[in-house]
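Peer 1: Sequence and predicted structure are below.
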Amino acid sequence: MWINSSFLENFERDSDIVLTDAFVNQHFGGTSSINVILESEHKDAMIRPEVEKLIDEMQTEVESLELVGNSFSISDYIRRMNQVMHADDPTFDVIPESQEMIAQYLLLYEMSGDPENLWKVVDYDYRKANVTIQLKSDNSKDINQAIEILEKYRAPFSELQVEMNYAGSGYKALVFTDLILTGQIKSLLLSIVIIIILLALMFRKVNIGFIGAIPVVLTAAISFGVMGLFNISLSTTTALVSSIAIGIGIDYAVHFIERYKIYALQTRDKSLTIRETMHHSGRAIAFNAFVVIMGFLVLLFSVFPPNRSLGALVSFNMFISFIATVTIMYLVLYKSNIFFKNKK
Amino acid sequence: MKTIQNLSITVLVILLGFTQGFAQMNGQEIMEAVYNNPSGENIQGQLEMRLINKQGDTRVRELQQFIKDEGEVEKTIMFFLSPADVRNTSFMNWSYNDGRDDDQWIYLPALKRVKRISSDSKSDNFMGSDFTYDDLGDRHPNEDAHKLLGEEVFNGYDCYIVESVPKDKDYMYSKTVTWVIKENFIGIKRDFYDEDGDLLKILQIKKFEKISGYWVILNTQMHNVQKDHRTEMIFSEVELDQPIPSNKFTERSMTLGR
């Protein structure tokens, strides 16, 4: 089971947007980015050679990843200027040892170039720096790979009293992913708990709460299992699936249990109750499931791939929910002797 | 870099030929009067340059500067006093009267080397400030068509307001409007309009004083209203007409510090 908030993977592999993106990624630095924002309380922190060197090291390491196309920061300016000022000798393509040198290069840059460029990578009093890392993929797994490398530099930077934060389109996607995952798990657990409590209150029996939750829990478990099995990632679209499934699944359970209770009180006969319930409620549920599944299957004809997976998954979940209600929950209900206790 | 002269140590002298009682002047005459204010031949002093961005962050640089007018060429040399990490960095500019591009050099003490830098454009900003090299220099009045827009009391001074439209349509400004003090022909305020005719920058003279018989501008501010970026230049310890030896303006002198 994995999460992916890639925007592009929402599209067909041969769609224009995917092909264009692939072209740009192949020939240029990359279409999505992570920005590492370095920040210190001290003025001129970003032009200290130790900090510059660490930035440089971090860029070199992260650029070794295949998915990283390019990276760009203040240290690129410094290295380039150092080389140019030494007759383009490549041995000077390094960060100089003294802060004076760095400050003087930057002054020279300001005097002869357009200082506006500089303010894209560093702030006015050299307290903050912005390292741009261009990625050739907006896939969450890939971005995490880059973040993993960047994280190794958090401690060394903090030793130099420099704090590290992230921004950028790629990182935004990653945050999004985390929100989906935690949000998904939280809302799932919460809704199950609420279902149990509500059912228990409605039927004034704690056991019913747990029995009624059976189809929902089973549906969620099987649904996530299948997604894992077929390598379908959890995304903004597919994340909706389990919520929809719970919403409709609980419907069946309530319907079924309510019928069962009515017949149980009427007939006081367990096997008659079970037969009648299955006859009325079971059939209604089957029709309902059939219609809803067909409704969602229409989405299979969508040109937008996420809608197709949504359709397939919801239909599948409906089916599981229906089966779980009329088989497992049904059997548990039967075995539990609920509503017949006093009669025994 | 006529400018530094104008700007930094611009010296404006009241022209004897023009008096208050003189008949109404037209725009051309007013701007000529401003331009024709003779300046001292040798100027030296300290310059504090404050760069202030939109967020209010301020960067301060202090320089010692020397300017010598040798007729054909005006030579300027500046030594950085602060910030500490650029101390003794020096900058030299030779500005030619015949319209050739300026020659510029910079000395980086950490590198121990003098480098020539190219000044390709008069519209480049001077040291990352809001002043272009051209803003700092004396623009000849014949390059623009001038029109007297009216008169106004500005900051307590009786001023002419003159609009100047460049004859060269490709110039970086579409027009400038200058407030000129009537009694001494100091331009105290100037609005610069960009190529689209929108207000781009406002130049204001905050302080001027008579030193050695010349009017000297001691504090001037340029505000780029589009970027909301400001540059303030504050001059102090200004000395005029004190002899400066010619060998002050050499690559060797750059490496020696002030």
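Peer 2: Structure's in. What do you need? Numbering: from 1, shown residues only, chains lettered A, B, ... in the order given.
Peer 1: by contact count, what packs against the host helix or strand of residue B:76?
Peer 2: Assigned by DSSP states H and E, residue B:76 belongs to strand B:73-82. For strand B:73-82, the packing partners by 3 or more Cβ pairs under 8 Å, 6 or more residues apart in numbering or on different chains; DSSP states H and E come out as helix B:2-6, strand B:58-69, strand B:90-96. Glycine gets a C-beta too; all of them are placed from N, C-alpha and C.
Peer 1: Export those to TSV and append columns for distance to chain A and mean pLDDT.
Peer 2: Listed next are the helices and strands packed on strand B:73-82 as TSV, based on distance: least, Cβ to the nearest Cβ, whole Å; pLDDT from 0 to 100:
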stretch	distance to chain A	mean pLDDT
helix B:2-6	14	51
strand B:58-69	6	91
strand B:90-96	7	88
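Peer 1: which one of these lies closest to residue A:173?
Peer 2: strand B:58-69 (36.1 Å; Cβ to Cβ).
Peer 1: contacts for the closest one?
Peer 2: The contact list for strand B:58-69 (Cβ atoms under 8 Å, 6 or more residues apart in numbering or on different chains) reads A:124-125, B:4-5, B:8-9, B:39, B:41-52, B:74-83, B:86, B:127, B:244, B:246, B:248-249, B:258.
Peer 1: Just the buried ones out of the residues you listed, please.
Peer 2: A:124-125, B:4-5, B:8-9, B:39, B:41-52, B:74-81, B:83, B:86, B:127, B:244, B:248-249, B:258 (16 or more other Cβ atoms under 10 Å in any protein chain shown).
Peer 1: Give the full set of residues in contact with residue A:72.
Peer 2: Neighbour list for residue A:72: A:121, A:131, A:132, A:134 [criterion: Cβ under 8 Å, 6+ apart].
Peer 1: I should have written residue B:203 there, sorry.
Peer 2: Shown in contact with residue B:203 (Cβ under 8 Å, 6+ apart): B:135, B:189, B:190, B:191, B:192, B:220, B:221, B:222, B:223.
Peer 1: Check the gap between the second one and chain A for me.
Peer 2: Looking back up the chat, that one is residue B:189. Plainly put, residue B:189 is 26 Å away from chain A if you go by Cβ to the nearest Cβ, to the nearest Å.
Peer 1: So which bits of the stretch 1-150 of chain B are right by chain A?
Peer 2: Applying Cβ under 8 Å from any Cβ of the partner chain, one finds that the stretch 1-150 of chain B approaches chain A through B:51, B:53, B:55, B:57, B:59, B:80, B:83, B:85-86, B:89, B:91, B:106, B:108-111, B:113, B:115, B:117-118, B:125, B:127-128.
Peer 1: Please enumerate the helices of the chain.
Peer 2: Going with chain A. Taking DSSP state H, the helices of chain A run over residues A:16-27, A:49-63, A:74-85, A:99-112, A:115-118, A:140-151, A:154-159, A:169-203, A:206-229, A:239-267, A:270-277, A:283-297, A:305-324, A:330-336.
Peer 1: meant chain B actually
Peer 2: Counting by DSSP H, one finds helices in chain B at the ranges B:2-6, B:27-35, B:133-136, B:251-256.
Peer 1: in chain A, which residue is closest to the centre?
Peer 2: residue A:177 (2.2 Å; Cα atoms, centre = their mean).
Peer 1: So that residue sits against residue A:139, correct?
Peer 2: No - applying Cβ atoms under 8 Å, one finds residue A:177 not in contact with residue A:139, separated by 10.2 Å.
Peer 1: Now for chain B, the helix or strand with the poorest mean pLDDT.
Peer 2: Counting by mean pLDDT, DSSP states H and E, chain B has its least confident helix or strand at strand B:11-12, which shows a mean of 41.
Peer 1: pLDDT weak spots in the stretch 101-250 of chain A?
Peer 2: Counting by pLDDT under 70, the low-confidence segments of the stretch 101-250 of chain A come to A:113, A:236-237.
Peer 1: Actually, chain B.
Peer 2: B:1-23, B:119-122, B:258.
Peer 1: Would you map the strands across it?
Peer 2: B:11-12, B:42-52, B:58-69, B:73-82, B:90-96, B:103-108, B:113-117, B:144-154, B:157-166, B:175-181, B:187-193, B:199-211, B:214-224, B:229-240 (DSSP state E).
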